[in-house]
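S.K.: Got a predicted model here, sequence first, then my questions.
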Amino acid sequence: MSLLNHKSSIRNHKSRAFTLVELLVVITIIGILIALLLPAVQAAREAARRVQCCNNLKQVGLALLNYEHDNLTFPTGGMPTGRGGHGHSWWIRILPHIEQDNIHDRFDQKSHSTGWLGANPQNTALLRKRSFHYMRCPSSDLRMWVMAPPVHPTWEQAVMSATYTGIAGAGDHPSTRDRHSSPATDGRISYGGILISSTGTPGTPGYPVTVSAAMISDGMSHTMMVGEQSDWCVDDTGQEQDCRSDYRHGFCMGPSTDDHWDRTYNVTTVLHRVNEKSWMAFGVAQNGPNQAIQSAHSGGAHVLFADGSVHFLSEYIQIQTLYNLANRDDGNMAHDF
């Protein structure tokens, strides 16, 4: 090869190399593209999680409807045991209708306390660290296990806490009573919905413990029975607080006639707007019965209706419309929600 050709080859080789400036430009463009794509990827993931959350509630709705078909009523939201202790919630009652017969059949339903795992070793062993995918919204970062370390360092129950709660009615229903509690705390307890809680001390005579489809005079497509509680609440110091309706006792927990706190467990009486997340709201803190329907999704929360349909309620829905949807027989059938 001649010297001239050799120098030409070197010049051609050098012309194909990247300069430092060009490399930095390429890296910057790649970084910009990643920054543009990341929100889209996150939005797609959240959309998938919302679909899964909706499907969870549809599965729960099918189980509740099958229960009503077999028993001619929906399950009670929760009842004390025959011996006055903490009974169990509606979640336990629908287990045979959601392919969990084995758990239901082994669950002790006869002791003094059944849903309170702190007093029932058999049910503790049965439910410890046992997860049920349909009870948890995939967007939620709330603790899956309650009654367990580090929140309760000396407890070993570790039972799952659901991110969905039964709806006992709204605070404006004629059956609603003030909470009886010692020490006194605020709250309102309604019997005007579908999954109502019986503490053994009914507030208004004549209201049932269980509700049949025929008793939902406002229409099953206009009456809620389960709603989301999948995000944290925040107290007046800015600290996150778990404001689910199981009061950190697990999905199985039910009420008791001996409970001086008058807690309803795993059901809520609707008083607040959708996505109210203040720990200091009326009837929320101190194991109150009025934890709001709220979610980790932006803009609203999923709600299951008595006909098995699931709707995403906007956080801007009018409060009276929300009350009308929570009550089964107030004569106010909401259509625009």
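M.R.: Perfect, thanks for sending it.
S.K.: Mind listing what's buried along stretch 70-77?
M.R.: By neighbour count on 16 or more other CB atoms under 10 Å, the buried set for stretch 70-77 is 73-77. Quick note: C-beta positions are derived from backbone N, CA and C, even for glycine.
S.K.: the strands in the stretch 51-200 of the chain, which residues?
M.R.: Counting by DSSP state E, counting those that start in this stretch, the stretch 51-200 of the chain has these strands, from start to end: 145-146, 159-160, 164-170, 177-178, 188-189.
S.K.: and stretch 249-262, how far from the chain's centre?
M.R.: Once both centres are worked out by CA atoms, centre = their mean, to the nearest Å, stretch 249-262 turns out to sit 18 Å from its chain's centre.
S.K.: now do the same end-to-end measure for that stretch.
M.R.: One end of stretch 249-262 sits 15 Å from the other (CA to CA, to the nearest Å).
S.K.: Going forward, the N-terminal residue is numbered 5.
M.R.: Got it, first residue is 5 now, which makes that one stretch 253-266.
S.K.: tell me the mean pLDDT over that stretch?
M.R.: If you average the pLDDT over stretch 253-266, you get 91.
S.K.: if we can go back for a sec, packed most tightly, which of the strands of the stretch 55-204 of the chain would that be?
M.R.: Comparing the strands of the stretch 55-204 of the chain by mean neighbour count (mean count of other CB atoms under 10 Å), strand 168-174 comes out on top with a mean of 29.
S.K.: What strands line up against it, and which way round?
M.R.: strand 228-232 (antiparallel), strand 271-274 (parallel) (DSSP bridges).
S.K.: how far is the last one from where the chain is centred?
M.R.: When C-alpha coordinates are averaged (CA atoms, centre = their mean), strand 271-274 and its chain have centres 12 Å apart.
S.K.: following it, which helix or strand comes up?
M.R.: strand 304-309 (DSSP states H and E).
S.K.: now the angle from that next one to strand 228-232?
M.R.: Counting by axes from the mean of the first three to the mean of the last three CA atoms, to 10 degrees, strand 304-309 lies at 150 degrees to strand 228-232.
S.K.: what's strand 304-309 packed up against?
M.R.: helix 24-75, strand 228-232, strand 314-318 (3 or more CB pairs under 8 Å, 6 or more residues apart in numbering; DSSP states H and E).
S.K.: Quick check: which ranges of the stretch 155-304 of the chain have low pLDDT?
M.R.: 186-188, 203-211 (pLDDT under 70).
S.K.: rerun that using 90 as the cut-off
M.R.: Scanning the stretch 155-304 of the chain for pLDDT under 90 picks out the ranges 155-161, 183-190, 202-213, 261-266, 290-291.
S.K.: rewinding a little: select, out of the strands of the stretch 55-204 of the chain, the one closest to Phe316.
M.R.: Phe316 lies closest, by CB to CB, to one member of the strands of the stretch 55-204 of the chain: strand 168-174, at 13.8 Å.
S.K.: which one of the strands of the stretch 55-204 of the chain lies closest to Ser234?
M.R.: Nearest of the strands of the stretch 55-204 of the chain (CB to CB): strand 168-174, 7.8 Å.
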